[in-house]
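> dropping the sequence and predicted coords here.
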Amino acid sequence: QLQLVESGGGLVTPGGTMKLSCTGSGFTESAVAWFRQAPGQERRGIQCIEWRHNARYYTDSNRVRFTISRDNAINTVYLLMKNLEPEDTGIYYCARLAGGVCPMESAEWDYWGQGTQVTVSS
């Protein structure tokens, strides 16, 4: 059974930086994406990265402040978040889809992690 595990969340002050990690088996030839569910809102896509490192941007991409990357050698996908704002608060999830190409945000993803809480507050 494939598992995805997110880590790196926590409490950060506004303007701070945080780097989330998503680790799991079965990342070979897969696309992996980050999603966020803010309090009281539906889950929305942030960014996706393909097996060959091409990125695709979703609804809440925050391209100026957020950067997705991956290290295929250690089956890990990262989300680097800079200049964090209180509005970035939420549960961050990673999801995987076999095939290596980022789909549309609304696609049926194969696997989801349990999520990691990010709180931006002074």
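Good, I have the coordinates. Residues are numbered from 1 along each chain as shown.

> which element is G16 on?
Here G16, judged by DSSP states H and E, is contained in no helix and no strand.

> now the strand or helix carrying T119: buried residues?
Remark: T119 resides in strand 116-120, with elements defined by DSSP H and E. When burial is assessed from 16 or more other C-beta atoms under 10 Å, strand 116-120 yields the following buried residues: 116, 118, 120. (Each C-beta comes from the backbone N, C-alpha and C, glycine too.)

> what mean pLDDT does that strand have?
Average pLDDT, strand 116-120: 98.

> same question for stretch 49-68.
Over the span of stretch 49-68, the pLDDT mean works out to 94.

> again, but for stretch 28-39
For stretch 28-39, mean pLDDT rounds to 95.

> buried residues, it. List them.
In stretch 28-39, residues buried by neighbour count (16+ other C-beta under 10 Å) are 30-36.

> helix, strand, or coil at Y92?
strand (DSSP: H, G, I helix; E, B strand; the rest coil).

> hey, what's it bridged with?
R36, T116 (DSSP bridges).

> now do the contacts for Q47.
Residues near Q47 by C-beta atoms under 8 Å, 6 or more residues apart in numbering: 33-34, 55-58, 61, 63, 66, 68, 79.

> related to what we said a few turns ago, let's see which of the buried residues of stretch 28-39 end up in strands.
Using DSSP state E, the members of those that fall within strands are 30-36.

> mind putting the residues you listed into TSV with distance to I74?
Converted to TSV, those look like this (distance: C-beta to C-beta, whole Å):
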residue	distance to I74
S30	14
A31	17
V32	13
A33	18
W34	17
F35	22
R36	24
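
> against S122, how distant is the most centrally placed residue in the chain?
The centroid of the chain falls nearest to W34 when counting by C-alpha atoms, centre = their mean (2.2 Å). Noted for W34: a distance of 24 Å to S122, by C-beta to C-beta, to the nearest Å.

> also R63?
Relative to S122, R63 is positioned 25 Å away (criterion: C-beta to C-beta).

> more neighbours: which of the two?
Between R63 and S122, R63 has the larger neighbour count (other C-beta atoms under 10 Å), namely 11 against 8.

> wait, what's in contact with that one?
By C-beta under 8 Å, 6+ apart, the residues touching R63 are 47, 57.
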